[in-house]
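Peer 1: what follows is a predicted structure for the sequence shown.
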Amino acid sequence: MAFPRPGGNSSLQQSEPFVDSGFDIFEWHEQFQSCVRYFVDHAQHHGPIQAVAAFVNIQLPFQSAVRPILSSAGTASPSPVPAPGSSSSSSSASRPPPPPPPQSIPLGAVHSPSPLSRVSLVPYIRRLVATGFDFPAVLHGFFGDDWMAGIGPLLEAERRNYLFAAKSDTWLQVKTSYDMADGQTVPFLRPLQNVSEKEIVVAETNWSEWLAMQDWMLGPRAPEDERGGIKQED
């Protein structure tokens with residue numbers, strides 16, 4: 001399944017995230033931050049998300065034994081919100097309450113980083129991809145209404161990485177690469193789900209580019225077919 005990006009271009013030669021000339025990284029970052037806030041303030045406290053996280057064996061930020069993160073504001077408990085897709089406004093459900101007004105910081109004091117700066121969504125995207133849970137309903141539940149624009153490019157890349165990992169090594173080595181510390185081993189692997197022909201073609205093109213990279217077939221030495229692009233692997 002290929003997920004669109006803001007200003008996306010269907011050209012295979014511009015398929016990588018952040019390479020597309022129509023991609024606005026600053027606009028993307030705002031939407032990505034919206035996904036992080038939704039995940040921290042709402043999703044991780046929602047029963048179905050906790051169930052999925054438990055099943056695929058990955059800790060949520062509030063479950064961390066060291067410096068747990070309960071909300072984007074720090075230690076305050078999040079206010080309950082309707083689940084995604086409920087009768088309440090979907091857009092309001094995916095956005096946390098406005099942050100408290102900034103407080104003055106004494107001269108010379110060290111400014112503490114935002115709790116959001118300690119949260120990475122990539123481990124969760126990787127785990128959902130590897131276990132076959134990266135379908136729209138789950139992604140919406142984890143990351144809110146902005147998930148497609150906010151984590152779509154990362155999801156596309158991680159799905160392709162999973163294909164590359166399967167092609168590069170054995171099942172055991174692939175599983176090991178998806179295991180995490182503190183007992184958060186991946187309980188099972190599933191073949192990539194809901195794959196489209198377009199996604200396979202893009203992966204083939206990028207894999208061929210990687211093979212060319214291994215052989216230093218770059219720049220003026222890059223192999224070209226009749227379309228002027230990198231040859232696909234037979």
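Peer 2: Perfect, thanks for sending it. None of these values were measured; they are calculated from a predicted model.
Peer 1: buried residues, the lengthiest helix in the chain. List them.
Peer 2: Scanning the chain for the helix with the most residues, using DSSP state H, yields helix 147-168. Within helix 147-168, the residues scored as buried using 16 or more other C-beta atoms under 10 Å are 147-163, 165. All C-beta spots, glycine's among them, are computed from the backbone N, C-alpha and C.
Peer 1: again with stretch 45-58
Peer 2: By neighbour count on 16+ other C-beta under 10 Å, the buried set for stretch 45-58 is 45-46, 49, 52-53, 56-58.
Peer 1: could you dump that stretch to PDB, C-alpha only?
Peer 2: C-alpha atoms of stretch 45-58 as PDB (Å, rounded to 0.1, in the frame of the first residue of the first chain):
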ATOM      1  CA  HIS A  45      -3.700   6.100  27.300                       C
ATOM      2  CA  HIS A  46      -6.400   4.500  25.100                       C
ATOM      3  CA  GLY A  47      -7.300   0.800  25.900                       C
ATOM      4  CA  PRO A  48      -7.200  -0.600  22.300                       C
ATOM      5  CA  ILE A  49      -3.700   1.000  21.700                       C
ATOM      6  CA  GLN A  50      -2.400  -0.400  24.900                       C
ATOM      7  CA  ALA A  51      -3.700  -3.800  23.800                       C
ATOM      8  CA  VAL A  52      -1.900  -3.700  20.500                       C
ATOM      9  CA  ALA A  53       1.300  -2.500  22.100                       C
ATOM     10  CA  ALA A  54       1.100  -5.400  24.600                       C
ATOM     11  CA  PHE A  55       0.500  -7.900  21.800                       C
ATOM     12  CA  VAL A  56       3.400  -6.700  19.800                       C
ATOM     13  CA  ASN A  57       5.500  -6.300  23.000                       C
ATOM     14  CA  ILE A  58       6.600  -2.700  22.900                       C
END
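Peer 1: neighbouring contacts of that stretch?
Peer 2: Under the contact criterion C-beta atoms under 8 Å, 6 or more residues apart in numbering, stretch 45-58 has outside partners 43-44, 59-60, 62, 78, 80, 83, 123-124, 127-128, 131, 133, 138, 141-142, 180, 183-187.
Peer 1: buried subset of those?
Peer 2: Counted by 16+ other C-beta under 10 Å, the contacts of stretch 45-58 give 43-44, 59-60, 78, 124, 127-128, 131, 133, 138, 141-142, 184, 186 as buried.
Peer 1: pull up the gap between Gly132 and Ser71, please.
Peer 2: According to C-beta to C-beta, to the nearest Å, Gly132 stands 30 Å off from Ser71.
Peer 1: alright, calling it a day.
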